[in-house]
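> Need a 3D model of the sequence below.
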Amino acid sequence: MGAANIFTIGMGVAQYNAQGKIGKYNQGVNNRNAIVLENQALQLEQKAEFDISQFNKSFKKIEGSTKVATAKSGAVVDSGSAYYVALSNAYEAELQRNLIKYNSKIAADNKREEANFARIKGQIARNQSQLAQLQTIASTGTSLLAMNKGSGVKTT
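Numbers count the residues shown, from 1 in each chain. Model prediction:
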């Protein structure tokens, strides 16, 4: 076996190994990105819980102020218009809580979907590197056959 053959085989092996490492690295990066995105989804859900508790706190303050103002005006707090205003505010508050939950769920689901795509992208990168490795093997073999044919070395 000549020096050219040894060099071709050596370069083919080096390229094959590099392609494998690059594929694994790219897959690892995308898997890490997926984990970060999933953590962001959890943070969005936790933020919704915090936002709801902050909203509840503000709502109770406003509700208390409204009751005090109603009582100061001489109206009966739990009857008539005051009752309907309080009921309307309660419905609006529940609607607001549901809106916070809904928006949070949509945002968190979007982050989880991005995480899934990151994993898919990582798998594609890995598959592409494996395909490149196969192409390297085929190319190296073809080069060796061509060199040996041209040098008069029997290949059969």
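> going forward, measure contacts and count neighbours with C-alpha atoms only.
Will do.
> what number of residues lie near Ser79?
11 (other C-alpha atoms under 10 Å).
> Could you measure from it over to Ser73?
Using C-alpha to C-alpha, to the nearest Å, we find Ser79 at a distance of 14 Å from Ser73.
> what do you get for Val36?
55 Å.
> Which one's more surrounded, these two?
Val36 (15 against 10).
> element containing the more buried one?
helix 3-72 (DSSP states H and E).
> Can you verify my assumption that Lys105 contacts Gln43?
No - counting by C-alpha atoms under 8 Å, Lys105 does not reach Gln43; the two are 11.1 Å apart.
> which of these two has more neighbours?
Comparing Lys105 with Gln43 by other C-alpha under 10 Å, the one with more neighbours is Lys105, at 17 against 14.
> Quick check, pLDDT for the spatially closest residue to the more buried one that is not a sequence neighbour.
Closest residue in space to Lys105, ignoring its immediate chain neighbours: Glu45 at 6.8 Å, by C-alpha to C-alpha, 6 or more residues apart in numbering. On the pLDDT scale, Glu45 is placed at 95.
> contacting residues for Glu45?
Neighbour list for Glu45: Ser104, Lys105, Ala108 [criterion: C-alpha atoms under 8 Å, 6 or more residues apart in numbering].
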